[in-house]
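Trainee: Predicted model and sequence follow; I will ask about them next.
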Amino acid sequence: MESFRGIVASGGVALGPARVWRRLVVNPNLGQKTDAPAEEHRRLDLALSETRRQLEELRTQLQDRLGQDHATILDAQLLILDDETFLGQVREAIDDQRLRAEAAFSRAMSEALVPLDLSGDALFRERMTDFRDVEQRVIRALSDHVSTLPTLEEPCILVSSDLTPSETAGLDFEKILGFCIDGGSDTGHTAIIARSLGVPALVGLRRASQEIRHESMLALDGELGVVHSDPDPAVIRRFESRIRRRQGAQRRLAGLQTLPAVTTDGHRIALSANIEVPEEIDIAVRNGAEAIGLVRTEYFYFRHEVLPNEDEQLGEYLDVLRRAQGRSVTFRVLDVGGDKLLAAVGGVREYNPFLGLRGARFLLANPEILRTQLRALYRASVEGPMRLMLPMICDLTEMLAFEDHARRVRESLLEEGHDFDTEVPLGIMIETPAAVAMAEELAARAEFFSLGTNDLTQYVLAVDRSNLRVSRFAQPQHPAVLRAIRDAVRAADRGRIPVASCGDMGSNPVLAMLLIGLGVQGISASAASIPALKEAIRSISFADAQAWAEEATSLSTVEEVDAFLRNKTHGLLREFVSRSKASGGDREPGDEA
Amino acid sequence: MAVRTAKISDPVGLHLRAASRIVQVAKEFQSEITIAYDGVETNAKSILGLASLVARYQEPLELRAEGPDEGAALDALVQLIEVGLGEES
């Protein structure tokens, strides 16, 4: 038995055979040979057109932001991709020397650059970096076309150095028991997918994909962050019993998939999912989500090195709506700043980013970014029902400015003859104390509220949730937060607009009951948490939830709220309280193996 | 076949921007066009070829064109190399 330690990107336990996938790394300096030159020509063509797309995109952006002058370098780089003399040499090297496309391109480039290198002229030599940059891009693009993931025949734990979004997109999720990734981060694409699927994932395993043998048995512990290969029989038994316990609950929850989220006294709750990547929608739908309550559109921006243009965004949003199959989808417009810096727009590290240029402030300061996104979103509205939501609103001025941008976008789309839904509801996130204080006025303009409980908690309690020294104080059940939520919900009711919650608070069944008791009509939570939430909702009465919420809100300290919840939930909620605790660690002593 | 000589008007020589302009202009013509400098000849429609000439300020380039629009092609390129490039930068 051998054990590898990594960082937990998604919790859970899995036991199964390893499917090791190693990306073929082609070192252009090694001159690996090929016996299929036609395949190398095809890869080269694909890589050239991918590089052309990247450079053209970059040029458009530079031109818009800095003027024609700065785009000239890119003109020269684009010309290389059409340089028939040079490409002729590359193709010759593939045919005559049987080189792989990487090596052929790299060698032809080096030969072409010899005179520049020898010139001894600083300016000429500098120019080489621009050519080498193209070479890097082409080689990177080639590596994306090296090999595709294998089809998964049976349930397995996928082991890989890393997985790109296009690779994970092609996976059969039903066959994935867990992920073990050498690189990666807990905010990466694979981590998001794993959490949504509710399967364990470890990242940062360093050399696991080199050392774990294909088909060897793996015991993956997504609580302790360790994976054992060829585990001892005792370890296998422990894992089997942990998995059995989870499976029992999962089977029970699976039976709820088609049942409505309704309390014992008939109060209906709209249960929907938060998503970041389109594939999560499939998982959410499978888990019984009746809508997509939050699409974090940042993901569509972060996966590009440069800002995605209108048509690229349109393609992504259409994909989201298609996958939702007629369910309502609430898109939150780009929410950058704070913990999410956007390199493509020159993200600046701020001294106090959570109080800096983020959310609505960022968008209103960069109206062309907002405009492009709104155009793409409106145009996507032909595909299915949607709502648009602005993050980090503080007051009516921002709300009105947003409305104004949306109105102007609609007018120009109409003028251009585009088909779209002109009555897409415009709503706001309630996540600042200022928005709570101004909720009455905001409810008079906005068409819906969505409570962003993570940010609301950090701003109400003055706790930087990314600061490990204080993040434990970020408790959404604090009476101060509960009272802010109560006030926002009351304002929404008076303004006769719907109010839902889309923060992490709603993923916890006990805290979700408080939200429901406080009067939110919808809960949007992670796809994986939906079955347990539905079970919780179906096991209590709305009258009880209201009474608990009222009592909890009237208490003086968070400790009192915790004690109260422990008591109250003892009876009806006992089962899922123990489970929600278990999801933090259901292991037995000795599991450390 | 048309042949002309042109001296580089740009003080930094045949740098990247200048080479790009030459390629772009040359591609507007059907004729085969070559540019020779210091004994090395290259296709005028090849950016890497032009860059590898490492041609400097005031040095003469020899241009040759062959095709239906060879005269016009060399007129445009000579104009560009002797006047246009310098003006541009």
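Mentor: Great, that's in hand.

Trainee: Number of residues surrounding A:Gly326?
Mentor: By the measure other Cβ atoms under 10 Å in any protein chain shown, the count of residues near A:Gly326 is 11. Heads up, the C-betas are built off the backbone N, CA and C, glycines and all.

Trainee: What does the pLDDT read for the residue nearest to it when sequence neighbours are not counted?
Mentor: Counting by Cβ to Cβ, 6 or more residues apart in numbering or on different chains, A:Gly384 is the residue found nearest to A:Gly326 once chain neighbours are left out, at 5.6 Å. For A:Gly384, the model assigns a pLDDT of 96.

Trainee: show me the residues around A:Gly384 that make contact.
Mentor: A:321-322, A:324-329 (Cβ atoms under 8 Å, 6 or more residues apart in numbering or on different chains).

Trainee: hmm, which of these are the buried ones?
Mentor: Neighbour-count burial (16 or more other Cβ atoms under 10 Å in any protein chain shown) is assigned, among those, to A:321, A:324, A:327-329.

Trainee: Among those residues, which ones are in helices?
Mentor: Among these, the ones falling in helices (DSSP state H) are A:321, A:324.

Trainee: can you redo the buried ones among the contacts of A:Gly384 as TSV with distance to A:Ser161?
Mentor: Output for these, formatted as TSV (distance: Cβ to Cβ, whole Å):
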residue	distance to A:Ser161
A:Leu321	34
A:Ala324	33
A:Arg327	36
A:Ser328	39
A:Val329	34
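
Trainee: which two in the contacts of A:Gly384 are spaced the farthest apart?
Mentor: A:Arg322 and A:Ser328 (14.0 Å; Cβ to Cβ).

Trainee: Contact partners for A:Ala101?
Mentor: The contact partners of A:Ala101, taken as Cβ under 8 Å, 6+ apart, are A:40-41, A:43-44, A:47, A:90, A:94, A:142.

Trainee: Tell me the confidence at residue 5?
Mentor: I'll assume chain A. pLDDT recorded at A:Arg5 is 93.

Trainee: not quite, I wanted chain B
Mentor: What the model reports as pLDDT for B:Thr5 is 91.

Trainee: Same question for A:Phe576.
Mentor: Predicted confidence (pLDDT) for A:Phe576: 48.

Trainee: if we can go back for a sec, same list, the contacts of A:Ala101, but only the ones touching chain B.
Mentor: Checked against chain B using Cβ under 8 Å from any Cβ of the partner chain, the contacts of A:Ala101 give no members in range.

Trainee: Narrow the residues you listed to those in helices?
Mentor: The members of the contacts of A:Ala101 that map onto helices under DSSP H are A:40-41, A:43-44, A:47, A:90, A:94, A:142.

Trainee: Counting neighbours, what do you get for A:Pro260?
Mentor: A:Pro260: 14 neighbours (other Cβ under 10 Å).

Trainee: repeat for A:Gly6
Mentor: 22.

Trainee: ok, it to chain B distance?
Mentor: Going from A:Gly6 to chain B by Cβ to the nearest Cβ, to the nearest Å gives 45 Å.

Trainee: near chain B, which residues of chain A?
Mentor: Chain A comes close to chain B at residues A:72-73, A:75-76, A:79-80, A:83-86, A:109, A:112-116, A:119, A:121, A:123-124, A:127, A:130-131, as judged by Cβ under 8 Å from any Cβ.

Trainee: What distance do you get for the residue of the stretch 401-550 of chain A at minimum distance from chain B to A:Leu314?
Mentor: Nearest residue of the stretch 401-550 of chain A to chain B: A:Glu416, at 31.2 Å (Cβ to the nearest Cβ). Distance, A:Glu416 to A:Leu314, by Cβ to Cβ, to the nearest Å: 14 Å.

Trainee: Please identify which of those two sits among more neighbours.
Mentor: The residue with more neighbours, out of A:Glu416 and A:Leu314, is A:Leu314; 18 against 9, by other Cβ under 10 Å.

Trainee: isn't that one right next to A:Arg379, touching?
Mentor: Yes - counting by Cβ atoms under 8 Å, A:Arg379 is a contact partner of A:Leu314 at 5.3 Å.

Trainee: pLDDT score assigned to B:Ile81?
Mentor: We have a pLDDT of 88 for B:Ile81.

Trainee: same deal with A:Gln68?
Mentor: A:Gln68 carries a pLDDT score of 60 in this model.

Trainee: Could you do A:Asp64 as well?
Mentor: 66.

Trainee: OK, contacts around the nearest residue in space to A:Gly503 that is not next to it in sequence?
Mentor: Leaving aside its sequence neighbours, A:Gly503 sits nearest to A:Thr453 (Cβ to Cβ, 6+ apart; 2.8 Å). Contacts for A:Thr453 were tallied using Cβ under 8 Å, 6+ apart; they are A:431, A:476, A:481, A:485, A:501-506, A:515.

Trainee: I'd like the contacts of A:Gly384 laid out as a markdown table, including pLDDT.
Mentor: Shown next, in a markdown table, are these (pLDDT from 0 to 100):
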| residue | pLDDT |
| --- | --- |
| A:Leu321 | 97 |
| A:Arg322 | 95 |
| A:Ala324 | 96 |
| A:Gln325 | 95 |
| A:Gly326 | 96 |
| A:Arg327 | 97 |
| A:Ser328 | 97 |
| A:Val329 | 98 |
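
Trainee: so where does A:Ala14 fall, helix or strand?
Mentor: Using DSSP states H and E, A:Ala14 sits in strand A:13-21.

Trainee: which non-adjacent residue is nearest the residue lying farthest from the centre of chain B?
Mentor: Note on chain B: the largest C-alpha distance from the chain mean falls to B:Pro68, namely 18.3 Å (Cα atoms, centre = their mean). Excluding its sequence neighbours, the residue lying closest to B:Pro68 (Cβ to Cβ, 6+ apart) is B:Gln30, at 5.8 Å.

Trainee: how about A:Leu202, secondary structure?
Mentor: Following DSSP: H, G, I helix; E, B strand; the rest coil, A:Leu202 is assigned to strand.

Trainee: right, and it touches A:Cys180 too?
Mentor: Yes - under the criterion of Cβ under 8 Å, A:Leu202 makes contact with A:Cys180 at 5.4 Å.

Trainee: hey, what's in contact with both of those two?
Mentor: Counting by Cβ under 8 Å, 6+ apart, the residues touching both A:Leu202 and A:Cys180 are A:4, A:6, A:220, A:227.

Trainee: Can you tell me which of the residues you listed is nearest A:Arg207?
Mentor: A:Phe4 (8.0 Å).

Trainee: Other residues contacting the helix or strand containing that closest one?
Mentor: Using DSSP H and E, A:Phe4 sits within strand A:2-5. Residues outside strand A:2-5 that contact it (Cβ under 8 Å, 6+ apart) are A:180, A:202, A:205-206, A:208, A:211-212, A:225-230, A:593.

Trainee: Tell me the strands beside it, with direction?
Mentor: Strand A:2-5 pairs in its sheet with strand A:226-229 (antiparallel), by DSSP bridges.

Trainee: Which SSE is immediately downstream of the strand it pairs with?
Mentor: Scanning forward in sequence from strand A:226-229 by DSSP H and E, the next helix or strand is helix A:233-254.

Trainee: Mind listing residues that contact whichever helix or strand comes after that next one?
Mentor: Using DSSP H and E, the helix or strand that directly follows helix A:233-254 along the chain is strand A:270-275. Contacts with strand A:270-275, where a contact means Cβ under 8 Å, 6+ apart, come from A:196, A:261, A:280-281, A:284, A:287-296, A:320, A:327-328, A:330, A:500, A:502, A:521-527, A:530, A:533-534, A:537.

Trainee: can you rerun that using 7 Å?
Mentor: Contact with strand A:270-275 is made by A:261, A:281, A:284, A:289-295, A:500, A:502, A:521-527, A:530, A:533-534, as judged by Cβ atoms under 7 Å, 6 or more residues apart in numbering or on different chains.

Trainee: go on, stretch A:219-230?
Mentor: With contacts defined as Cβ under 7 Å, 6+ apart, stretch A:219-230 is touched by A:1-8, A:10-15, A:18, A:157, A:178, A:180, A:200-202, A:208, A:212, A:216-218, A:231, A:235-236, A:239, A:585, A:587, A:592-593.
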